[in-house]
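# Got a predicted structure here, sequence first:
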Amino acid sequence: MNSKLVSIIALLSLLSGCASYYPLPVEEPSALEEKSDGTLVRRTPDYKRGGLMPAVDIDEAIENLKIYGDAYQKYSDKLRRNEYISNDLTFAGGVLGVIGGVSKSIETALTGVALSSGATITSQRYQFLVQATNYENASVAMYCMYTKLFPVRGEGVEYNFVNERIDEVRRKLRKAQSSIQLITPDLSKLKASLLEVIENPRRNGGEKAAGKPDLKMMAELKACVAAF
C-alpha cells in the first residue's frame, strides 16, 4: 500500500475516535461483578434510571457507594490512558517526521505529520482530561461518603438518605459531562504541515440504623456531595 495512503488512513482513524471517547452517555457500574473464584454475580441494574438498583437497607447503600466509587475511578483512569496514548502518538509522529526529514523520505515525513497532528487533535476534540476529572470528582464524592459510613455501619443514617445522595452525585456527573462540547479542530495547521512536507521535502528535518438520626453525619455526607 502506498505510504501516503497509509498516513491518511492513520490520520482518519485518529480523528474518527470511537464511542468510548464521547462525554455521553455517562459510564455506570457494570451489571456483572467478578468474584475471587472467577464467577460472575449479577448486579441488578435499575433499568428505568440506569446504574445500580437503589439500596433497600443501609448495608446495600454502603456497598453501592463503594461500587460507584470504584467504577467512576476506573472510568477516570481509562480516559487518562487515552490521553497518554495520544501523547505517545504525538511523540512517535514527531520522531517519524524527523527521520523522514533526515532520510529525505516524503512518505515517512507525511506519516509522522499525520500521527502527530491527528493524536493532538483527537485529545483536544474529546477533552480526555476534562472528562477524567469529572469521573474522578464523582468517585471522590462516593468514597467520601463510604469512608464515613462504613466504620459505623451507617448508624444514624437512613438508607433512603444515602440513595438520594448517590443520585445527586450521578446527576452532577451527567451535568458535568453534558456541558462538554466536542471541539471542531482547526485543521489549517495540519494542512500547512502536510503541504510543507509535500512541497519542501528537504526542509523537514453497613446494618440499618435505629434510633435518633445522626444529623452531624448526614451533614457530612451532604458536604461530600457538595464538594463535587
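On my side now, so go ahead.
# Residue 155 contacts residue 212, doesn't it?
No - using Cβ atoms under 8 Å, residue 155 is not in contact with residue 212, being 10.1 Å away. In this view, the C-beta of every residue, glycine as well, is placed from N, C-alpha and C.
# Between these two, which is the more surrounded one?
Neighbour comparison, residue 155 and residue 212: the larger count goes to residue 155, with 17 against 7 (by other Cβ atoms under 10 Å).
# Quick check: that one vs residue 58, distance?
9 Å (Cβ to Cβ, to the nearest Å).
# One more: residue 218?
Taking Cβ to Cβ, one finds residue 218 at 13 Å from residue 58.
# Then residue 34?
25 Å.
# if you count what's nearby, which of those two comes out ahead?
Comparing residue 34 with residue 58 by other Cβ under 10 Å, the one with more neighbours is residue 58, at 23 against 10.
# Next, the more buried one: phi, psi?
With angles defined as degrees, to the nearest 10, residue 58 sits at phi -70, psi -30.
# That one - nearest residue in space that isn't next to it in sequence?
residue 154 (3.6 Å; Cβ to Cβ, 6 or more residues apart in numbering).
# that's a strand at the one you found, yeah?
No - under DSSP: H, G, I helix; E, B strand; the rest coil, residue 154 falls outside any strand and is assigned coil.
# now for the strand or helix carrying residue 171, which elements pack on it?
Per DSSP states H and E, residue 171 falls inside helix 159-178. Contact here means 3 or more Cβ pairs under 8 Å, 6 or more residues apart in numbering; DSSP states H and E; on that basis helix 159-178 packs against helix 58-103, helix 128-149, helix 215-226.
# out of the ones you listed, which comes closest to residue 183?
Checking those against residue 183 by Cβ to Cβ gives helix 128-149 as the closest, at 10.5 Å.
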